[in-house]
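Colleague: Predicted structure and sequence below. I'll ask about it afterward.
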Amino acid sequence: MTNNLNALADKTESVDAAAEPARGFAQFDTDAIGPVQKLQRFLHSYPTFVPLIVLAVSLIGFGLFAGSKFFTPYNMSLIVQQVSIIGILAVAQSLVILTAGIDLSVAAIMVLSSVVAGNLAVKLGWPPIPSLLTSFLVGTGIGLMNGFLVTRVKLPPFIATLGTWNVFYALNLYLSGAQSIRGSEIDQTAPILKIFGESLSVFGTKISYGSLLFVAVFLVLWYALTRTAWGRHIYAVGDDKEAAELAGIRTDRVLISVYAVAGFICALAGWSAIGRVGAVSPTSFFEGNLQSITAVVIGGISLFGGRGSILGPLVGALIVGVFQSGLRIAGVDVLWQLFAIGWLIILAVAVDQWIRKVSA
């Protein structure tokens, strides 16, 4: 009996010894990850680092390339002012893209909301506050319409918002008569419409209220997306809509709320645009749709939904502003500015595709 137990123990030890190399080999295989794969995994976990690196390199590069004029407080504040409207639109666009959709009507909603506020306050003599509140209701209602077309009519977001972009742009021209409301008319009847064009002095430079609104909108949405159940549901819907439904998330309700909030943010951008332009212009920010998508893509939010930080588009908008300002100060033609930003978009999407291929 004792001999049998000894033989069994020897056999067990031999099996353990034979299994030990296999365990060691598996551990070695797991650890054998090169620096490129480690970087890929890091960026997969923290996608906002990509635009932050690009922004830092851009600032250093243009500081050397464009000369001392680039880093003046005036130029830095001007960059923020120039990208503030597109940045706010990028917030609205980000919400929709996080759900794996896209909204091609954001600029049309913004302009239509500003036209509504201007016509009510200046042309019809409404008090400014009710005029602004009505414009917010218009923007939110249009967003609800987009959400209804996507969730109830089951139209693809690209097609639905492409159609509504044309509808809202036509309404914009109809309501405005293709005529701008001049700044002097606004000053006489409703100067509050231009409040975001005013500035305050900070450290020897001027910062517009529109720039402060630009940053505030990002911070509010950052909190909503990272600290609330609504934000977690948005990421879940964008990552896998079917799995989100199985988890008990009412995905259609989430999508409708996203488009409604996006419409409200566009109306807020319309108010800020009046101050930035100094008038109610039915043709201003015509390329806002593409520029907002540019800021979102460069900012690291995946076009496939479910991944990215809302702070990324803020950085993306600043990158576009830095490129435009740096190239302009350096005397580069506008044609080549567009050329450079086009390559930025291509590179950003390529990096996003590479990051998504990270091994589990």
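Modeller: Okay, I see it.

Colleague: The stretch 201-350 of the chain: strands as residue ranges?
Modeller: Ranges of strands within the stretch 201-350 of the chain are 205-208, based on DSSP state E, counting those that start in this stretch.

Colleague: Quick one: residues contacting Arg182.
Modeller: Neighbouring residues of Arg182 by Cβ atoms under 8 Å, 6 or more residues apart in numbering: Ala279. (C-beta placed from N, C-alpha, C; glycine too.)

Colleague: now do 10 Å
Modeller: 122, 188, 278-281 (Cβ atoms under 10 Å, 6 or more residues apart in numbering).

Colleague: Then Ala56?
Modeller: Contacts of Ala56 (Cβ under 10 Å, 6+ apart): Val315.

Colleague: From the contacts of Arg182, pick the one nearest Phe196.
Modeller: Gly278 (10.7 Å; Cβ to Cβ).

Colleague: and the gap between the closest one and Lys357?
Modeller: 47 Å (Cβ to Cβ, to the nearest Å).

Colleague: Ile186 now?
Modeller: 52 Å.

Colleague: higher neighbour count, the two?
Modeller: Per other Cβ atoms under 10 Å, whichever of Ile186 and Lys357 has more neighbours is Ile186, with 23 against 8.

Colleague: For that one, which non-adjacent residue is spatially closest?
Modeller: Leu193 (5.3 Å; Cβ to Cβ, 6 or more residues apart in numbering).

Colleague: right, and that neighbour touches Trp271 too?
Modeller: Yes - shown here, Leu193 and Trp271 form a contact pair, counting by Cβ atoms under 10 Å, at 7.0 Å.

Colleague: so what sits against both of those two?
Modeller: Shared contacts of Leu193 and Trp271, counting by Cβ under 10 Å, 6+ apart, come down to 114, 117, 132, 135.

Colleague: The stretch 151-300 of the chain: helices as residue ranges?
Modeller: Shown for the stretch 151-300 of the chain, the helices assigned by DSSP state H, counting those that start in this stretch span residues 157-176, 183-189, 209-227, 229-239, 241-246, 251-277, 288-298.

Colleague: Include mean pLDDT and distance to Val54 when you put those helices into JSON lines, please.
Modeller: Below are these laid out as JSON lines (pLDDT from 0 to 100; distance: least, Cβ to Cβ, whole Å):
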{"stretch": "helix 157-176", "mean pLDDT": "92", "distance to Val54": "27"}
{"stretch": "helix 183-189", "mean pLDDT": "90", "distance to Val54": "36"}
{"stretch": "helix 209-227", "mean pLDDT": "93", "distance to Val54": "18"}
{"stretch": "helix 229-239", "mean pLDDT": "94", "distance to Val54": "23"}
{"stretch": "helix 241-246", "mean pLDDT": "92", "distance to Val54": "31"}
{"stretch": "helix 251-277", "mean pLDDT": "95", "distance to Val54": "24"}
{"stretch": "helix 288-298", "mean pLDDT": "87", "distance to Val54": "7"}
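
Colleague: which one of the ones you listed lies closest to Ile102?
Modeller: Among the helices of the stretch 151-300 of the chain, helix 157-176 comes nearest to Ile102, with 5.3 Å by Cβ to Cβ.

Colleague: which secondary structure elements does that closest one contact?
Modeller: helix 73-98, helix 106-118, helix 128-151, helix 251-277, helix 288-298 (3 or more Cβ pairs under 10 Å, 6 or more residues apart in numbering; DSSP states H and E).

Colleague: cutoff 7 Å now
Modeller: helix 106-118, helix 128-151 (3 or more Cβ pairs under 7 Å, 6 or more residues apart in numbering; DSSP states H and E).

Colleague: Quick check: mean pLDDT of the shortest one?
Modeller: I take that to be helix 106-118. Helix 106-118 shows a mean pLDDT of 95.

Colleague: Show me what that helix is in contact with.
Modeller: 89, 92-93, 131-132, 134-135, 138-139, 142, 165, 168-169, 171-172, 175-176, 181, 193, 262-263, 266-267, 269-271, 273-274, 280, 282, 284-286, 288-289, 292 (Cβ atoms under 7 Å, 6 or more residues apart in numbering).

Colleague: let's go with 6 Å and repeat that
Modeller: Under the contact criterion Cβ atoms under 6 Å, 6 or more residues apart in numbering, helix 106-118 has outside partners 89, 92-93, 131-132, 135, 138-139, 142, 165, 168-169, 172, 175-176, 181, 263, 266-267, 269-270, 273-274, 280, 282, 285, 288-289, 292.
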